[in-house]
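> Just need the structure, nothing else, for what follows:
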Amino acid sequence: MKKITDKELDTLETEELVSRMDEVLSSPYWQRRGNDILNLNVHSIYNSSVVKKFPQTFQRKVVYKTFGFLLQLLYTDFSTSAKFFQLQEHDKEDSKQLYSAARNQWTVVSSRIAFEYFMQLTYMLGTGEEFKTGKSAIKKYKQWLKIPENPYTYFSISAAKAMEFDRTKRTPEVHASTKLARRILLQSATEIDNDLFRLINIFKNQWQFVLDIANEREPNGWAVGGKVEGDKEWYELWKSKDHKAISTEIDKLFSNPQ
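Here you go, the predicted structure:
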């Protein structure tokens, strides 16, 4: 892939732009650095029946949002497979603790960015409008999920789990004193917080269902991510189309996430 200028990028036809995006996402570089290729691409959204109905200018916004989301998944996935390189033997424990904290903090922040992209992208696919918020993106997204006949209500339980992850792991990292500072004093130097990787797994498991809805198909299963409890039950409730019960459950999920 050759280097181009800002002007050249902006003058690419959307089809050419999508191909360039997918070339980045499928680069063998990811595998050479120890990652599995996630097999995610922008073309799958660009060619979906819903996106094809949008005006061309909005289609371009959707593909940029899709690329941002998928690239963020790769960034987060990349951080989870980073290797620890042992230094001097007497440095091993302290170095490992600092390495683990640095990697975990990036995973937390990167996962939040992926969550933002996911909310924005699904909202754009479902409404044909950009996702503009005031103080709370999650609050607006929750209210949108509660709209009757909104197929993206399917993702309510995953969004609630993402919110739980975000509130317990991310917010202090960015806006105040870090919880990691205290955590590394409590843990063994070699201890790994596996739950820090939950959010990225949630979103990787959602992609096929995003594509289903974007192609005006009903997902034929539930997306298990993080804690399995409640996923099947939520799917069955969503299938029931009982809007009152669904709305009540969404309020419960977002006030007390599973």
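> give me the element the residue nearest to residue 141 when sequence neighbours are not counted is part of.
Nearest non-adjacent residue to residue 141, counting by C-beta to C-beta, 6 or more residues apart in numbering: residue 119, 4.6 Å away. For the C-beta atoms, the positions are set from N, CA and C on the backbone; glycine is no exception. Taking DSSP states H and E as the definition, one finds residue 119 inside helix 92-127.
> how far off helix 92-127 does whatever helix or strand comes next after that helix point, in degrees?
Per DSSP H and E, the first helix or strand lying C-terminal to helix 92-127 is helix 137-145. Angular relation of helix 137-145 and helix 92-127 on a 0 to 180 degree scale: 40 degrees, by axes from the mean of the first three to the mean of the last three C-alpha atoms, to 10 degrees.
> Give me the helices and strands touching helix 137-145, please.
helix 92-127, helix 156-165, helix 243-255 (3 or more C-beta pairs under 8 Å, 6 or more residues apart in numbering; DSSP states H and E).
> in that helix, what's buried?
137, 138, 140, 141, 142, 144, 145 (16 or more other C-beta atoms under 10 Å).
> Throw these into TSV and include pLDDT and distance to residue 44, thanks.
Listed next are the buried residues of helix 137-145 as TSV, based on pLDDT from 0 to 100; distance: C-beta to C-beta, whole Å:
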residue	pLDDT	distance to residue 44
137	86	25
138	87	26
140	91	26
141	93	22
142	92	27
144	95	23
145	94	23
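> Indicate which one of the helices and strands packed on helix 137-145 is closest to residue 133.
Closest to residue 133 of the helices and strands packed on helix 137-145 is helix 92-127 (C-beta to C-beta; 9.0 Å).
> Report the contact partners of the residue nearest to residue 141.
Neighbouring residues of residue 119 by C-beta atoms under 8 Å, 6 or more residues apart in numbering: 131, 137, 138, 141, 159.
> quick one on the thing from earlier: just say which of the helices and strands packed on helix 137-145 is most tucked in.
Neighbour counts (mean count of other C-beta atoms under 10 Å) averaged over each of the helices and strands packed on helix 137-145 peak at helix 156-165, with a mean of 23.
> Any stretches of this protein with poor pLDDT?
29-38, 79-98, 166, 168-200, 223-229, 256-258 (pLDDT under 70).
> any idea which residue sits dead centre in it?
The centroid of the chain falls nearest to residue 114 when counting by C-alpha atoms, centre = their mean (3.6 Å).
> Isn't residue 107 up against residue 78?
No - at 9.9 Å, residue 107 does not count as touching residue 78 under the criterion of C-beta atoms under 8 Å.
> Tell me what angle the helix or strand harbouring residue 76 forms with helix 92-127.
Applying DSSP H and E as the criterion places residue 76 in helix 56-80. Counting by the same axes, to 10 degrees, helix 56-80 lies at 160 degrees to helix 92-127.
> for helix 56-80, packing partners?
Partner elements for helix 56-80 (3+ C-beta pairs under 8 Å, 6+ apart): helix 14-25, helix 43-46, helix 49-52, helix 92-127, helix 198-204.
> Okay, buried residues for that helix please.
59-60, 62-80.
> What of stretch 10-18?
Those would be 17, 18, for stretch 10-18 by 16+ other C-beta under 10 Å.
> now stretch 41-52
41, 42, 44, 45, 46, 48, 50, 51.
> For residue 4, state which of those is nearest.
Closest to residue 4, out of all of those and judged by C-beta to C-beta, is residue 42, at 17.2 Å.
> Surely the closest one touches residue 67?
Yes - counting by C-beta under 8 Å, residue 67 is a contact partner of residue 42 at 5.3 Å.
> shared neighbours of these two, anything?
Listed as contacting both residue 42 and residue 67 by C-beta under 8 Å, 6+ apart are 21, 25.
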